[in-house]
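>>> Turn this into a model:
(2 chains)
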Amino acid sequence: MPLLEINGLHATVDGKPILNGIDLVIEAGEVHAIMGPNGSGKSTLAYVLAGREGYEVTAGEIRYDGKDLLEMAADERARAGLFLAFQYPVEIPGVAGTTFLKAALNAIRGHRGESPLDAMQFLKFVREKAGALNITDDMLRRSLNVGFSGGEKKRNEALQMAVLEPKMAILDETDSGLDIDALKLVASGVNALRAPDRSLLVITHYQRLLDYIVPDYVHILADGRIVRSGDKLLAVELEEKGYGAFVGAKAA
Amino acid sequence: MAVTSETLAQVKSVTEDGYKHGFVTDIEMERTAKGLSEDTVRFISARKNEPEWLLEWRLKAYRHWLTMPEPQWAKVSFPPIDYQDSYYFAAPKSDSDKPKSLDEVDPKLLETYAKLGIPLLEQEMLAGVAVDAVFDSVSVATTYKKKLGEMGIIFCSFSEAVQEHPELVRQYLGSVVPYADNKHATLNSAVFTDGSFVYIPKGVRCPMELSTYFRINAENTGQFERTLIIADAGSYVSYLEGCTAPQRDEHQLHAAVVELIALDDAEIKYSTVQNWYPGDEEGRGGIYNFVTKRGACRGRNSKIAWTQVETGSAITWKYPSCLLIGDNSVGEFYSVAITANRQQADTGTKMIHIGRNTTSTIISKGIAAGRADQTYRGQVKIMASAEGARNFTQCDSLLIGDQCGAHTVPYIETHNPTARVEHEATTSRISDDQLFYCMQRGLSAEEAVSVIVNGFCKEVMRTLPMEFAVEAQKLIGISLEGSVG
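Residues are numbered from 1 along each chain as shown, chains lettered A, B, ... in the order given. Next up is the predicted model:
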């Protein structure tokens, strides 16, 4: 049974059709990349999967881990192991990163039937993960994402992913706004999470990220449909030829 | 502060078999007839064996009260109070009641306590807090009195102080909040039944947080607590006040008065968590919380800090204030007020700068949800004598939903050109982005609101003593349940 199975997915935002029939199957342990030009529906797909309000599914179905994903509220999806690394992580003033992460981890552990971690156990666990991402205690203590640089925000998303240990992680343009050093750091954090029972959906505009997070499959999204699927070489081909060659109606 | 089951158990252990705990109302009451008259005042005074001067003071207050109009300036609305429809004194009879079990407590309240979830293990820690339990209007137990007594600290019920330390009571009662101060304080002066009294002698640092758990128990019994705290030169005390009340059908008037006096180099920290019954979703049945709290920094370098977390009551009308009389004295006010459903709160502070180089800080965080209304009302007054006075005020409001209101009404008055007064104010909303972000990490909508609001209130919450802060954080989440989604 696939971990994620999307069939004929149509979705609208403010009544405007954005996704126009997406079919996608992701098996456990696979890494899929979705590439596409601006406005192709990449972020909409991410938000629909995560269950954001205002993104209305008008047709199609999504099965996740044997369940009907569209029947689940956003927080239920998260507790069931679906994680979205945000393109624009949100600032929450006054809430320390550790406080936030501890609340999230214990909510998810509760769902898994595990006991909550106490403050000491939690801190030890987070520090191990934070070290690999070059995240200092000071950054953990600061208000979540408030005054963070672009790179800090993305590293922090990677930390959350590492701590929450999702089954299905969706990375929405995690490379945007990152310099090459930060990109390598975040990518190595993501690669450390690759596991036979964990799948990744990497959404990106550029091939660059895929040099560091090497996908098993690459899909090209245009006008709300997957117009071409292939292996990692497709990304290289795309980089050479540009999106125009794959987007029929818009081909130059 | 909500009374947790552990607190109940603790109170039970404190009171042994003399007086039994429980919210139930079938404890036999010795009460006045319904209504308010000079006879009521005389009855209360006689019942408490008070000296003649105190009865005269009460009667002066009562006669003045008759002439006073209701205060109209606050942004709250409610039907006129029928003062003749209340009982003004109810004392539990001792030694006669049978134990009541927690089974008899409103299950909804127990649910709240469970959510507040102070584990049994923390009981010992709680036991480190001296509890002066006020059941209905009479104090029935005071713990740790002996230990405090050895240091010369007086911590007892107000009635006891009147008997044991009449000279201190007579010297300070009404010296900060005069009997004619305002309609609610004047009513309190006439009919106050009990409360707490604290005296910290010169140079003594009180070794523990002093705490009183106020509870309203008898139906239709207005609560008129009177608290008087005196910190003599060079002393320090931290006082905690926490409240809860069971569900009621009728409005209950609560008009407390708190007076604080800090002499040279003394410091008083007064923290409140107020969680009285706010009424149902339509606001029916909640407590009217009309409180007068004022502290006088009489001595040089003295300091008074108020921290309040106000989540309960149908109507809150409350302005803990500081008179900064001594040179270099310091006044602080930290407030979190949460109103949901139909709750109304008009709250803030007054900082009156009289001495030289006096400083004050005001941090107010207001959260409104549902159809609640909330007003910050604050006055900063720099008198001509207050050379070099400074004030900093920050008022932040957070709105949840689109049917609530938040208002900020600062009054700033300076009569000295050397004064420096700063005022900052913001109003914001919990954004959909924030909610979605939290929920995407596994938090329910309610947990998300709680996390975001606690972040918003952080500057105030960290001024609370530890054991209070933990409970207050949970309380914030509980108070806003159902306000989102």
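>>> Checking B:G455 next. Helix, strand or coil?
Using DSSP: H, G, I helix; E, B strand; the rest coil, the structure places B:G455 in helix.
>>> quick one, what contacts it?
Residues in contact with B:G455 (C-beta atoms under 8 Å, 6 or more residues apart in numbering or on different chains) are A:92-95, A:143-144. (Each C-beta comes from the backbone N, C-alpha and C, glycine too.)
>>> Of those - the most surrounded one?
With neighbours taken as other C-beta atoms under 10 Å in any protein chain shown, the top of the contacts of B:G455 is A:L144, carrying 27 neighbours.
>>> what's the distance between stretch A:96-106 and the middle of its chain?
Relative to the centre of its chain, stretch A:96-106 is centred 19 Å away, using C-alpha atoms, centre = their mean, to the nearest Å.
>>> and it, is it in reach of chain B?
Yes: residues of stretch A:96-106 contacting chain B under C-beta under 8 Å from any C-beta of the partner chain: A:99-101, A:103-105.
>>> now the residues you listed in a markdown table, with pLDDT and secondary structure?
Shown next, in a markdown table, are the residues of stretch A:96-106 next to chain B (pLDDT from 0 to 100; DSSP: H, G, I helix; E, B strand; the rest coil):
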| residue | pLDDT | secondary structure |
| --- | --- | --- |
| A:T99 | 92 | helix |
| A:F100 | 95 | helix |
| A:L101 | 95 | helix |
| A:A103 | 93 | helix |
| A:A104 | 96 | helix |
| A:L105 | 95 | helix |
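>>> ok, so of those residues, who is nearest chain B?
A:A104 (3.9 Å; C-beta to the nearest C-beta).
>>> who's in contact with the closest one?
For A:A104, the contact set (C-beta under 8 Å, 6+ apart) comprises A:78, A:160, A:163-164, B:438, B:441-443.
>>> before we move on, what about A:A28?
Neighbours of A:A28 in contact, by C-beta under 8 Å, 6+ apart: A:2-3, A:167, A:196-199.
>>> in the stretch 51-200 of chain A, which spans are strands?
Secondary structure of the stretch 51-200 of chain A (DSSP state E, counting those that start in this stretch): strands located at A:55-64, A:67-68, A:82-85, A:92-96, A:143-144, A:168-172, A:199-204.
>>> how distant is the fourth one from the center of its chain?
A distance of 23 Å separates the C-alpha centroid of strand A:92-96 from that of its chain, computed with C-alpha atoms, centre = their mean.
>>> Relative to B:M461, how far out is the closest residue to chain A within the stretch 351-485 of chain B?
Taking C-beta to the nearest C-beta as the measure, the stretch 351-485 of chain B has B:G455 as its residue closest to chain A, at 3.1 Å. Distance, B:G455 to B:M461, using C-beta to C-beta, to the nearest Å: 10 Å.
>>> now do B:V330
Computed as C-beta to C-beta, the B:V330 to B:M461 distance reads 20 Å.
>>> do the same with A:S43
A:S43 is 36 Å from B:M461, by C-beta to C-beta.
>>> Repeat that for A:K184.
From A:K184 to B:M461 the distance is 39 Å (C-beta to C-beta).
>>> neighbour count winner among the two?
Using other C-beta under 10 Å as the criterion, A:K184 and B:M461 rank with B:M461 on top: 22 against 13.
>>> Looks like that one contacts B:Q473 (just checking).
Yes: the criterion here is C-beta atoms under 8 Å, and B:M461 meets it with B:Q473 at 6.5 Å.
>>> Are there residues contacting both of the two? Which ones?
B:N454.
>>> And for B:D346, nearest residue in space, chain neighbours not counted?
B:A74 (4.0 Å; C-beta to C-beta, 6 or more residues apart in numbering or on different chains).
>>> Roughly how far does the one you found sit from chain A?
Using C-beta to the nearest C-beta, to the nearest Å, B:A74 is found at 29 Å from chain A.
>>> how many other residues sit next to A:G147?
That count, for A:G147 with other C-beta under 10 Å as the rule, works out to 9.
>>> Please name the residues that touch the closest residue to chain B within the stretch 51-200 of chain A.
Chain B sits closest to A:G94 of the stretch 51-200 of chain A, with a gap of 3.1 Å, by C-beta to the nearest C-beta. By C-beta under 8 Å, 6+ apart, the contact list for A:G94 reads A:143, B:454-459.
>>> Out of those, flag the one nearest to B:T67.
Relative to B:T67, the closest of the contacts of A:G94 is B:C457; by C-beta to C-beta it sits at 40.8 Å.
>>> Might one say that the closest one is in contact with B:I476?
Yes: counting by C-beta under 8 Å, B:C457 touches B:I476, with 6.8 Å between them.
>>> list residues touching both of those two?
By C-beta under 8 Å, 6+ apart, B:C457 and B:I476 have these common neighbours: B:V336.
>>> quick one, which of these two is more surrounded?
B:C457 (26 against 22).
>>> For that one, give me its contacts.
Contact analysis of B:C457 by C-beta under 8 Å, 6+ apart lists A:94, B:336, B:365, B:367, B:476.
>>> Which residues of chain A lie near chain B?
A:50, A:52-54, A:73-75, A:77-79, A:83-84, A:86, A:89-95, A:99-101, A:103-105, A:107-108, A:111, A:143-144, A:160, A:164.
>>> okay, the contacts of B:C457 in JSON lines with secondary structure and pLDDT next?
Listed next are the contacts of B:C457 as JSON lines, based on DSSP: H, G, I helix; E, B strand; the rest coil; pLDDT from 0 to 100:
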{"residue": "A:G94", "secondary structure": "strand", "pLDDT": "92"}
{"residue": "B:V336", "secondary structure": "strand", "pLDDT": "92"}
{"residue": "B:K365", "secondary structure": "strand", "pLDDT": "93"}
{"residue": "B:I367", "secondary structure": "strand", "pLDDT": "90"}
{"residue": "B:I476", "secondary structure": "helix", "pLDDT": "80"}
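>>> quick one: which of those is nearest B:N416?
B:K365 (29.4 Å).
>>> What count of nearby residues applies to that closest one?
24.
>>> measure B:T418 to B:Y437 for me?
47 Å.
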